[in-house]
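A.B. asks: Quick one: sequence and predicted model below, then my questions.
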Amino acid sequence: MTKASFFIAIISVFLIAACRGEPAGEQESREEAAKPLSEVLPGAWESVSIRVEVNTAENTDSSYVFEVREEEWAERLGTRPIRFYFQPDNKYRQEFITLDDKPLSTARGMWNTFGDTLMLIEPNATYQYQVSTGKGLAEFRTMMDWDGDGQEDDSYLGVHRRVSLSAE
């Protein structure tokens, strides 16, 4: 085989591989990400992880990161992962459940989306998140006052996994 033939064979292999298309999971993920957030959210979602970068903790010069990954949830927080239920009629509930499956608390309200922004409206509070979705996950990002120092300067990232298309 000459160098030219070898080069043409290598190029052909790359072209064939490039034309094969993407795996079904990646295509579904892109399609989900392309849908409006209002169509992606309805259903049940379970927390996978939380990461908060706390800046000027309690009005000091110190900062820290609070992070809980899925495998640490029960040990670090003493609860089951948080569950969000987004109903198609724009109502939602957020459930906190103990490790022995007893309700700890439930928040209820209305939800709405504006582009990639999710608003959760409860009787005494409103929360706003930038949301990105794909591969069955939703990332909720916001700035908040995690440490209670009166400054919304703490960066929050919550990752949630879809567990059901039903909000029941």
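C.D. replies: Okay, I see it.
A.B. asks: pLDDT below threshold where in the chain?
C.D. replies: 1-33 (pLDDT under 70).
A.B. asks: Would you state the strands of it in chain order?
C.D. replies: 43-54, 64-68, 83-86, 91-97, 103-114, 117-122, 125-134, 137-144, 154-164 (DSSP state E).
A.B. asks: so what's G150 up against?
C.D. replies: N59 (CB atoms under 8 Å, 6 or more residues apart in numbering). Any C-beta I mention is one placed from the backbone N, CA and C, and that applies to glycine too.
A.B. asks: how far away is it from I50?
C.D. replies: 21 Å (CB to CB, to the nearest Å).
A.B. asks: what's the most buried one of the strands of the chain?
C.D. replies: strand 83-86 (a mean of 21; mean count of other CB atoms under 10 Å).
A.B. asks: so how far is that one from its chain's centroid?
C.D. replies: Averaging C-alpha positions (CA atoms, centre = their mean, to the nearest Å) puts strand 83-86 12 Å from its chain's average.
A.B. asks: With just CA atoms, put that strand into PDB.
C.D. replies: Provided in PDB are the C-alpha atoms of strand 83-86 (Å, rounded to 0.1, in the frame of the first residue of the first chain):
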ATOM      1  CA  ARG A  83     -38.400  16.100  45.500                       C
ATOM      2  CA  PHE A  84     -39.900  18.700  43.200                       C
ATOM      3  CA  TYR A  85     -43.300  18.000  41.500                       C
ATOM      4  CA  PHE A  86     -44.000  20.300  38.600                       C
END
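A.B. asks: And for it, what's in contact with it?
C.D. replies: So strand 83-86 is in contact with 41-47, 92-95, 97, 111, 160, 163, 167-168, going by CB under 8 Å, 6+ apart.
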